[in-house]
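A.B. asks: Okay, here's the prediction I keep looking at, along with the sequence it came from:
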Amino acid sequence: MSGVLRRTVPRLAASITQFSREIHQLCTSQQTDGLSLIYSCGREDLSFCAGGLTLCRTWLQRSYADLPSHQELLMPSLSPTMTQGNIAAWKKNEGDSVAPGDILAEVETDKATIEWEAQEEGFLAKILKAAGSKDIPVGEPVALLVEEQEDVSKFKDYTPGQESSSSSSRKPATAAEEQPAKQEEAAPAASTSSATYPNHEVLKMPALSPTMSQGNIVSWQKKVGDTVSPGDVLCEVETDKATIAWEAQEEGYLATILLPDGSKDVAVGTPAAVIVEEKDQVSAFKNYKPEDAAGKPAPKQAASAPPPPPPSRSQAEAEAKPPKEGVAVLEAQPPTPGPAAAKPLPTPKPGDRIIASPYAKKLAADAGVSLEGVQGSGPNSRIVAADVEQLIASGGGKPAPADAAVPAAGSGKAAAPEGGYTDVQLNQIKRVTAQRLLDSKLTIPHYYLTTECELDRLLEAREALNVSLAGTAKLSVNDFIVKAAALSCKKVPAVNASWMGDFIRQYHNIDINVAVASPAGLMVPFVPGADRKGLLAISEEVKALAGKAKQGKLQPHEFMGGTFTISNLGMYGIKQFAAIVNPPQAAILAVGAALPKVLEVEEGEFAEVQVMNVTLSCDHRVVDGAVGAEWMKAFKQYIENPLLMMV
């Protein structure tokens, strides 16, 4: 389709332009009232049509002047929740023929590795994202497809962005109507600050977990000038789940660091550092700033506005000849002004809206300084924590207004009580956990089922197994609970599911999350395939995961997932509680303490037994009341008859 447009639109624009000129010449030579009237009435429409098509022609020439007709293959969305993906492997090589239904590549999504099938036929001309490329946003070009095999070789040295830059090397247009297009081409070239720096790659804050929207730079493991190789740890990033190592994907040298240690609330996609290919290029980035990475113009290279285009021949003739009586004459339109010179971002003025991160505002409020007039160093001149810390250290910043600390009526914030207090800063884990729990309570219709389980047989079985293990390992009651919950999910698979908007997804794997309290916040690592593992294997895995969670060393594959969650507060003596569903899961089990209770074991005979209360919180969209009750019945049977877990 692009080839047809490339050939047809310029011809159509040229034909209409030529037709307009012929009418004008006929009108000016014959000077008849009728022809002049036709010309005066039709000229605007013809000029508008020709002008629109000329813009189309200019756009197409920019895109296709130096390259054959081709199609960009964009990263597809292969799951309902997918926003980015990784190229696991390419199944087609450059030059291979492609037909609808062929497997182009294997893409690792947020759920699984899925085959990407071709929708068009042609030949794979260029792979833009090599196998192993990670965190590619949905919609980003990853490959090019051409119609003819002989066109493949023309994309050998193709690099992304080549099409837009190649338009500046075209021959100058000769037609008068192409003058505005030439001016439009000149403006971007003058405003590209990256042209003043050697070839480099900007490293942006990655999304290290599916729910991560921002992160904190804990510490850089590489310094400016250091060699970088694929797999090297660049820095440690605090995400909404844990502190994770950010590994390099390319080799080179670290030219500059744009976000220093301690940078907080850094949005995903924000430029964080720059790498170059040669070590001698590092010094060129000494004064490199975040706005340079964002593609903003360099102040020292601000270009003056180009002169207005000369009037066309038809406009000159219309101005030179006086109008005849009774003949309508179109007035010459004033020349379109050229694009304005690129200017650096203005310094904020008093009264301007203050754009700052929440943490920066918090620091400023605590220090009692005003952010008015502060020039931010973050993206789009956003004021970040480092700017406030520098402001406080330098003694700058005028005191904040006295009424700034007093909440407005109806703001929802109560005035602080008299006396001392301590504000505890939220880390990423606590901030995101709070938001997810709030979303869960606001969007998921919870209901709760509670039952009482006798533990005497389970405690006897546990004691016997621990004796047989002879001190090499020790099983806990929680290990039995994890196993019983996994087998109950296998028996009632409708609970092992998620709400997907317009359908319910039931999982074949049973991965049990276990809530762990850590100094950084609540973590929920999971035991994969818990229904297929023995009690000893579950015990060892839960202990290892809990230890990593408390030390903040959990890896993404250990907490990103799970199909059912258990929250156990029994060790704190809590008799009963109801937990909040952990989305996108459909249920969570809250476990209370084992407490003695006198029950009638036989008619007229009473005995003291150990009982445990458990409460199942369910998403009513997925789990109906009867289904939840069936799951609780199965769980109670496994707990009160632990030998059933061995069958």
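C.D. replies: Good, I have the coordinates.

A.B. asks: can we go C-alpha only for contacts and neighbour counts from here?
C.D. replies: Noted.

A.B. asks: and Tyr448, how many neighbours does it have?
C.D. replies: 18 (other C-alpha atoms under 10 Å).

A.B. asks: measure it to Ile639 for me?
C.D. replies: Counting by C-alpha to C-alpha, to the nearest Å, the gap from Tyr448 to Ile639 is 19 Å.

A.B. asks: ok, now Leu363?
C.D. replies: On the measure of C-alpha to C-alpha, Leu363 and Ile639 end up 51 Å apart.

A.B. asks: okay, the two: which has more neighbours?
C.D. replies: Neighbour comparison, Leu363 and Ile639: the larger count goes to Ile639, with 25 against 17 (by other C-alpha under 10 Å).

A.B. asks: In which helix or strand does that one reside?
C.D. replies: Here Ile639, judged by DSSP states H and E, is contained in helix 625-640.

A.B. asks: in that helix, what's buried?
C.D. replies: For helix 625-640, a neighbour-count test (16 or more other C-alpha atoms under 10 Å) marks 627-632, 634-640 as buried.

A.B. asks: Could you look up the SS state of Ala88?
C.D. replies: Of the three states, Ala88 takes strand under DSSP: H, G, I helix; E, B strand; the rest coil.

A.B. asks: if I pick the closest residue to Thr563 other than its chain neighbours, what's in contact with it?
C.D. replies: Leaving aside its sequence neighbours, Thr563 sits nearest to Asp511 (C-alpha to C-alpha, 6 or more residues apart in numbering; 5.3 Å). Contact analysis of Asp511 by C-alpha atoms under 8 Å, 6 or more residues apart in numbering lists Ala486, Phe526, Val527, Pro528, Gly529, Ala530, Gly561, Gly562, Thr563, Phe564.

A.B. asks: redo that, cut-off 10 Å
C.D. replies: Contacts for Asp511 (C-alpha atoms under 10 Å, 6 or more residues apart in numbering) come out as 482, 486, 489, 496, 525-531, 561-565.

A.B. asks: In helices only, show me those.
C.D. replies: Secondary structure from DSSP state H places Val482, Ala486, Cys489 of these in helices.

A.B. asks: And the strands in the stretch 401-550 of the chain?
C.D. replies: Assigned strands in the stretch 401-550 of the chain, in chain order: 446-454, 497-499, 504-506, 512-514, 516-518, 521-523, 526-527 (criterion: DSSP state E, counting those that start in this stretch).

A.B. asks: Note down every partner strand of the fourth one and its orientation.
C.D. replies: Read it as strand 512-514. Strand 512-514 pairs in its sheet with strand 526-527 (antiparallel), strand 564-568 (parallel), by DSSP bridges.

A.B. asks: What angle do strand 446-454 and the helix holding Ile639 make with each other?
C.D. replies: Counting by axes from the mean of the first three to the mean of the last three C-alpha atoms, to 10 degrees, helix 625-640 lies at 30 degrees to strand 446-454.

A.B. asks: Give the other helices and strands that helix 625-640 contacts.
C.D. replies: Helix 625-640 is packed against strand 446-454, helix 456-469, helix 477-491, strand 605-619, with contacts defined by 3 or more C-alpha pairs under 10 Å, 6 or more residues apart in numbering; DSSP states H and E.

A.B. asks: looking at these, which is closest to Ser213?
C.D. replies: Set against Ser213 and scored by C-alpha to C-alpha, the helices and strands packed on helix 625-640 come closest in strand 605-619, at 25.7 Å.

A.B. asks: ok, Gly378 - contacts?
C.D. replies: 258-259, 266, 270-271, 289-291, 355-357, 384-387.

A.B. asks: Repeat the analysis, applying 6 Å as the threshold.
C.D. replies: Gly378 sits next to Val384 when contact means C-alpha atoms under 6 Å, 6 or more residues apart in numbering.

A.B. asks: on that earlier part again, would you list the strands of the stretch 401-550 of the chain in TSV and tack on distance to Pro230?
C.D. replies: Shown next, in TSV, are those (distance: least, C-alpha to C-alpha, whole Å):
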stretch	distance to Pro230
strand 446-454	46
strand 497-499	36
strand 504-506	37
strand 512-514	32
strand 516-518	32
strand 521-523	29
strand 526-527	29
